[in-house]
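Participant: Need a 3D model of the following:
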Amino acid sequence: MDDWISWLPDDILVSILSSLPLKDAGRTSVLSSRWKNMWKNTSHLNFVDDSALDKIGKDQRQRNMERSKYVRWVNSVLKSLPHKGGLTLEDFRICFDVGKSSSEAISQWLKFAFERQVERLELDLLEFGHNMSLPGNVYVFPDKFLFQNSCVLHCPHPPTTCTTLFNFKSLKSLSFKNVQVSGEAIEFFLHNCPFLEQLILHDIEKLSKLEVCGSCLVLKHLELCCIYDFISLEVSAPNLISLSVGTTNGLVLKNVPMLVDLHIRCAKVEIPLLVPALCCCVSQLEILSLSLEMHRAHHTVMLNFPDMPKLKRLDLSFQANREARDESVLKLTSLIRKFPILEEFVLEIIWFGCYTWTGREVTKVTQFPHQHLKVFKYLGYDGHSSDSDAVMFILENCVVLQEIIIDPICPPYPWHAPLGKRELEAAQMARSCAKQLFEPRVSEHVRLIIQ
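Facilitator: Here you go, the predicted structure:
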């Protein structure tokens, strides 16, 4: 291969190969004798096969065959790589629809990564091609990987002198999705990985209590989503910057002076717990994302939300019934009064119930000049009077507004069926309503986008 790229030193070529998908990097081995083993020096092993996942998503009958092919691929690559003394891993990512039936192979993959002192580990065991899992069909993380004597992990006070099976001191990021892992194992990683900055747990079974506490923790990002049995979560981490949790039930936050980015999902019964859970950090948050299952009884809770003097972005998503709707959207939009330096507001409403559309002239809204809001995005706008009043409130009160985005369709979840004819017709009617109502009222310095 006589071209300029062949004149580059090996370390530059390895860096280029590391940026390629793993299968593409492997294909370069046929270029010349120099390239034959070049890709094997990569420190980034991302085993992602989107095309196979697409096949499974479209036809479940392909599942077993694609699983077998994936396992053979990972095994083949790992077998061809240098022994543990010759490779330190920056990234090791497993992302595929494999589970309990492939436990032996998955354990071997993890062992490979831990032996090479992996820095960023992601084990994402998708089910049916997306992030959902069936109970009892998930891989169980083996506690034996942590201590040479695994029973030590479950002692009330594990001795600090116990010998760990691997050296975890290089681990900076750990992500488990659709994996069964114990609270003791998670807390082991927190306290035995001195450089661990990111911890992500999604779709975890049989994890009821977790303490993320310690004055020496360097953890900056914590994400806990769909932890089905959670009853208690205590977080005390002085370096934590961002937190994402799927419940306020049993949530205790303390000693989080650096926390500025918070994402919370609340069930109906948990909404009254929201404000008490945030009391220690409302004055410091800059980004807040709330996903709520809300009805009229909870509007008072939201309207009594405390002032947040540093908040710059608010994402508010909630479910609402078309058959029982009132002027709640306008009331929630007026929450911006409590956030004086807010710059971006994303409102998402997931409607359910029968489609009803009523158009009328927009009512007058209360004047309240807001000096900082620049972007307002409304997902789920369907042309009802309260929707239109909410948009007009923003247009008339946000004096430095630069962009307003209106979309009648919320982003679908992977398992949702495609929109039907009735939903598409209603969305088009909402777009026409928005265009008719707002185009004449938008000033020339505001960009109106109707998607």
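
Participant: mind listing the helices for the stretch 201-350 of the chain?
Facilitator: Taking DSSP state H, counting those that start in this stretch as the criterion, the stretch 201-350 of the chain carries its helices at 274-278, 299-303, 328-333.

Participant: tell me which residues of the first one are tucked away?
Facilitator: Read that as helix 274-278. Residues 274, 277-278 are the ones in helix 274-278 that count as buried (16 or more other CB atoms under 10 Å). Heads up, the C-betas are built off the backbone N, CA and C, glycines and all.

Participant: and the nearest residue to Phe145 once chain neighbours are set aside, how many residues sit next to it?
Facilitator: Excluding its sequence neighbours, the residue lying closest to Phe145 (CB to CB, 6 or more residues apart in numbering) is Leu165, at 5.8 Å. Leu165 sits with 15 neighbouring residues when counted by other CB atoms under 10 Å.

Participant: Please report the distance of Leu165 from Asn192.
Facilitator: Noted for Leu165: a distance of 11 Å to Asn192, by CB to CB, to the nearest Å.

Participant: Could you tell me which residues touch both of the two?
Facilitator: Taking CB atoms under 8 Å, 6 or more residues apart in numbering as the contact rule, Leu165 and Asn192 both touch Leu146.

Participant: between the buried residues of helix 274-278, which is closest to His372?
Facilitator: Nearest to His372 among these, counting by CB to CB, is Leu278 at 21.4 Å.

Participant: you'd agree that closest one is up against Cys266?
Facilitator: No - the criterion here is CB atoms under 8 Å, and Leu278 misses it with Cys266 at 11.2 Å.

Participant: Can you report how many residues neighbour Ile450?
Facilitator: By the criterion of other CB under 10 Å, Ile450 has 17 neighbours.

Participant: typed the wrong thing, it's His263
Facilitator: Residues contacting His263 under the criterion other CB under 10 Å number 17.

Participant: Just want the most central residue of this protein.
Facilitator: Centroid check for the chain by CA atoms, centre = their mean gives Glu223 as the closest residue, at 7.1 Å.

Participant: Can you give me the distance of Leu448 to Ser283?
Facilitator: According to CB to CB, Leu448 and Ser283 sit 34 Å apart.

Participant: Is Arg368 in a helix, a strand, or coil?
Facilitator: For the record, residue 368 is Phe, not Arg. Phe368 falls in the coil class when you classify it by DSSP: H, G, I helix; E, B strand; the rest coil.

Participant: What sits closest to it if chain neighbours are left out?
Facilitator: Asn397 (5.0 Å).

Participant: got a list of what the residue nearest to the centre of the chain touches?
Facilitator: Here Glu223 is in contact with 198-202, 242-244 (CB under 8 Å, 6+ apart).

Participant: Swap in 7 Å and give it another go.
Facilitator: By CB atoms under 7 Å, 6 or more residues apart in numbering, the residues touching Glu223 are 200, 244.

Participant: what do you get for the one 5 residues further on?
Facilitator: Contacts for Tyr228 were tallied using CB under 7 Å, 6+ apart; they are Glu205.

Participant: Near Lys55, how many other residues are there?
Facilitator: Neighbour count of Lys55, defined by other CB under 10 Å: 17.

Participant: Grab the nearest non-local neighbour of it.
Facilitator: Leaving out its chain neighbours, the residue that sits closest to Lys55 by CB to CB, 6+ apart is Gln62, at 4.7 Å.

Participant: How is the chain divided into domains?
Facilitator: 1-42, 312-451 (automatic domain parsing).

Participant: Can you flag the weakest of these by average pLDDT?
Facilitator: When those are compared by mean pLDDT, domain 1-42 comes last with a mean of 69.

Participant: ok now do the nearest residue to Val181 once chain neighbours are set aside, which residues does it touch?
Facilitator: Distances taken as CB to CB, 6+ apart place Phe141 nearest to Val181, at 4.2 Å, with adjacent residues excluded. Residues counted as contacts of Phe141 (CB under 7 Å, 6+ apart) are 176, 179-181, 185.

Participant: repeat for Pro272
Facilitator: Val301.

Participant: and the gap between it and Cys266?
Facilitator: For Pro272, the distance to Cys266 equals 9 Å [CB to CB].

Participant: I'd like to know how many residues surround the nearest residue to Ser101 once chain neighbours are set aside.
Facilitator: Leaving aside its sequence neighbours, Ser101 sits nearest to Arg67 (CB to CB, 6+ apart; 7.7 Å). By the measure other CB under 10 Å, the count of residues near Arg67 is 19.

Participant: The residue nearest to Lys55: neighbour count?
Facilitator: Per other CB under 10 Å, the neighbour tally for Gln62 reads 16.

Participant: okay but it is in contact with Asp54, surely?
Facilitator: No - assessed by CB atoms under 7 Å, Gln62 is found out of contact with Asp54, at 9.7 Å.

Participant: right, so of the helices of the stretch 201-350 of the chain, which gets closest to Pro21?
Facilitator: Nearest to Pro21 among the helices of the stretch 201-350 of the chain is helix 274-278 (41.1 Å), distances taken as CB to CB.

Participant: Now do the closest one: which elements does it pack against?
Facilitator: For helix 274-278, not one helix or strand is in contact under the criterion 3 or more CB pairs under 7 Å, 6 or more residues apart in numbering; DSSP states H and E.

Participant: centre of the chain versus it, how much separation?
Facilitator: Remark: helix 274-278 is offset 21 Å from the chain centroid, using CA atoms, centre = their mean, to the nearest Å.

Participant: mean confidence score for that helix?
Facilitator: Averaged over helix 274-278, pLDDT sits at 88.

Participant: same thing with stretch 95-113?
Facilitator: Mean pLDDT, computed over stretch 95-113, is 92.

Participant: May I have the distance across it, first residue to last?
Facilitator: Stretch 95-113 has its terminal residues 14 Å apart, counting by CA to CA, to the nearest Å.

Participant: what separates that stretch from the chain centre, distance-wise?
Facilitator: Counting by CA atoms, centre = their mean, stretch 95-113 comes out at 23 Å from the chain centroid.
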